[in-house]
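[1] Predicted model follows, preceded by the sequence.
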Amino acid sequence: MFYYVMPSDDIRRNLATEEYLMYNREFDEPLVLFYYEKPSIIVGRNQNTQEEVNQKFIDDNKIVVTRRRSGGGAVYHDLGNLCFSFVLDTKNAEFGDFKTFVSPIINALHEMGATTAEVSGRNDMIVDGKKFSGSAMFKHGSKIYAHGTLMLDVDLDVVTKALNVPADKIASKGIKSVRSRVTNLKPYLAEQYQDLDVEGFRDALLKHLFAVDDLADIKDKEVKISAAEEAKIEEIYENVYNNWDWVYGTSPAFTVQKRQHFTAGTIDARLDVKDGIIDKVTFYGDFFGTSDVSELEAKFVGIKYNREELAKVLANVELGNYFLGIDHAQILDLLA
Ligand SMILES: Nc1ncnc2c1ncn2[C@@H]1O[C@H](COP(=O)(O)OC(=O)CCCC[C@@H]2CCSS2)[C@@H](O)[C@H]1O
C-alpha cells in the first residue's frame, strides 16, 4: 500500500487531487489518502445543493460548498474532521464490500482505544450507537475510490446549523440525505490521543495502518506529485469543484414554496429552479401594489438561484410598486 497526505485544507483541491490520482496513476497496490479541510459542506453526486445547505448560515460563516462525484448525503467537515480514501484498481486488488475496505481503519481505531467502534448499515461507522463516519465511493472503469469521514472533534453544533434546511423550504424532486445522530471519536480514544489535533490523529492512524512506530520508516511509500501534475489538479479544481455549474447547476429540478406573514398581509412565493437557474417565479398574496406583479416575477427568470443574484435583481426594483410596506431584505429572505 502507498499513501499520500494532502497538503491543502481546501476540500475542492483535495477532491481534485483524489480524482486526478485515480484517473492518471496506475495502482499496482492500493493508495490511501488522508485529507482535512476548513469548514465545508460536501453534497452527494445526485443531491440538490440548494436543498442541503442552509444558505444564509453558509454565507454568514463563509463555509465552502462543493459537490463530490460519489453518492450519498451531504456532510459537514471542519478542521476536526479527517477524511480517508482508498484508491485502487480492481485489476490488481480485490475490492470487497464496505466492511472490508474500512476494516483497516476500524482495526486502527480499536488499537487506539475506541474498542467499540463498528461498521453499521450501508456506509456508516458508529460508536455507542452514534455515527462518527460516513463513506461513499466512485468508480471509473476498473478503478475505484472509496472515501469516508472520521469525526474526531467536529463542531457538532455547526453540523446541524449548516445542514439544517427548514422543512418547509423546498418541495424537491432530488434525493434527500438521511439525517442521523452523529458523535465525535475523541472521547473514545485512549488517553495518549486526547491532545491530538487532526494532523496528529492522521499520523497516528498512518502508523497503525502501516504498523510502524516512525513515519520516517515509510517515506518510500509516500506518493509524490510533480509541479506539472499540480497544474492539472488546479484545472480540475477550477473546472469542477470550484465551478458553480458542477456544484449547483447539476442539481435536479426543484420547486421552492415559501410563505411569509407581514404586518400588511401574507405573501406566498413559488420558484421553479432547473439546473440551478430560476425558471419561473410566482407570487400569491393579498396586498399587492399598483404595478402588475408579473413584471417583477419576470425579472428573476434566468438568474442563478442564490441570495447574491436575487439581491442584485431586487436592488434595481421599486418594491413599493408591487408590494405595499415591504422592504428588500424581507423579500430577499422570502425568496432565498
Ligand atoms: N463529517 C461527517 N461525518 C459523518 N457523518 C456526518 C458528517 N457530517 C454530517 N454527518 C451526518 O451524516 C448524514 C449524511 O449521511 P449519508 O449516509 O447520507 O451520507 C454520508 O455519510 C456521505 C459520506 C461522504 C464522505 C465523503 C468523504 C470525502 S468528501 S465527503 C448527515 O445528515 C449528518 O447527520
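    Cool, got the structure. Numbers count the residues shown, from 1 in each chain.
[2] From now on I want contacts and neighbour counts done on CA atoms only, so please keep to that.
    Fine.
[3] Name all residues that make contact with the residue of the chain most remote from its centre.
    Taking C-alpha atoms, centre = their mean, the residue of the chain most remote from its mean C-alpha position is residue 290, at 43.9 Å. Neighbouring residues of residue 290 by C-alpha atoms under 8 Å, 6 or more residues apart in numbering: 321, 322.
[4] can you offset everything so residue one is 52?
    Yes, from this point I'll number from 52; that puts the last item at residue 341.
[5] I'd like to know how far residue 296 sits from residue 250.
    Look at residue 296 and residue 250: by C-alpha to C-alpha, to the nearest Å, they are 33 Å apart.
[6] same check, this time on residue 292
    Applying C-alpha to C-alpha, the value for residue 292 to residue 250 is 24 Å.
[7] These two: which has the busier surroundings?
    residue 292 (24 against 17; other C-alpha atoms under 10 Å).
[8] State the distance from the more buried one to residue 252.
    Counting by C-alpha to C-alpha - residue 292 and residue 252 are separated by 26 Å.
[9] Double-check that residue 309 belongs to a strand.
    Yes - under DSSP: H, G, I helix; E, B strand; the rest coil, residue 309 sits within a strand.
[10] quick one: it and residue 387 touch, right?
    No - judged on C-alpha atoms under 8 Å, residue 309 makes no contact with residue 387 at a distance of 9.3 Å.
[11] which residue packs closest to residue 81, ignoring adjacent ones?
    What sits nearest to residue 81 in space, not counting adjacent residues and going by C-alpha to C-alpha, 6 or more residues apart in numbering, is residue 139, at 4.5 Å.
[12] And the pLDDT at residue 220?
    On pLDDT, residue 220 comes in at 44.
[13] Over to residue 216?
    On pLDDT, residue 216 comes in at 52.
[14] is the most centrally placed residue in the chain in a bridge, and if so with what?
    The chain has residue 93 as the residue nearest its centroid, 0.8 Å off, counting by C-alpha atoms, centre = their mean. When bridges are called by DSSP bridges, residue 93 pairs up with residue 117, residue 126.
[15] What pairs with the host helix or strand of residue 323, parallel or antiparallel?
    Assessed by DSSP states H and E, residue 323 sits inside strand 316-325. As defined by DSSP bridges, the strand partners of strand 316-325 come to strand 305-313 (antiparallel), strand 328-336 (antiparallel).
[16] And it, what's buried?
    The neighbour-count check on strand 316-325 (16 or more other C-alpha atoms under 10 Å) flags 318, 319, 320, 321, 322, 323, 324, 325 as buried.
[17] C-alpha coordinates for it, PDB please?
    The C-alpha trace of strand 316-325 is given here as PDB (Å, rounded to 0.1, in the frame of the first residue of the first chain):
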ATOM      1  CA  GLY A 316     -50.600  40.600   5.000                       C
ATOM      2  CA  THR A 317     -49.300  37.300   3.700                       C
ATOM      3  CA  ILE A 318     -47.200  36.600   0.600                       C
ATOM      4  CA  ASP A 319     -46.600  33.200  -0.900                       C
ATOM      5  CA  ALA A 320     -43.800  32.700  -3.400                       C
ATOM      6  CA  ARG A 321     -43.200  29.800  -5.600                       C
ATOM      7  CA  LEU A 322     -39.900  29.400  -7.500                       C
ATOM      8  CA  ASP A 323     -39.200  26.700 -10.100                       C
ATOM      9  CA  VAL A 324     -35.500  26.000 -10.400                       C
ATOM     10  CA  LYS A 325     -33.900  24.000 -13.200                       C
END
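[18] just to revisit the earlier point, and the strands paired with strand 316-325: which comes nearest the ligand?
    If you check each of these against the ligand by C-alpha to the nearest ligand atom, strand 305-313 wins as the nearest, at 19.2 Å.
[19] Noted, bye for now.
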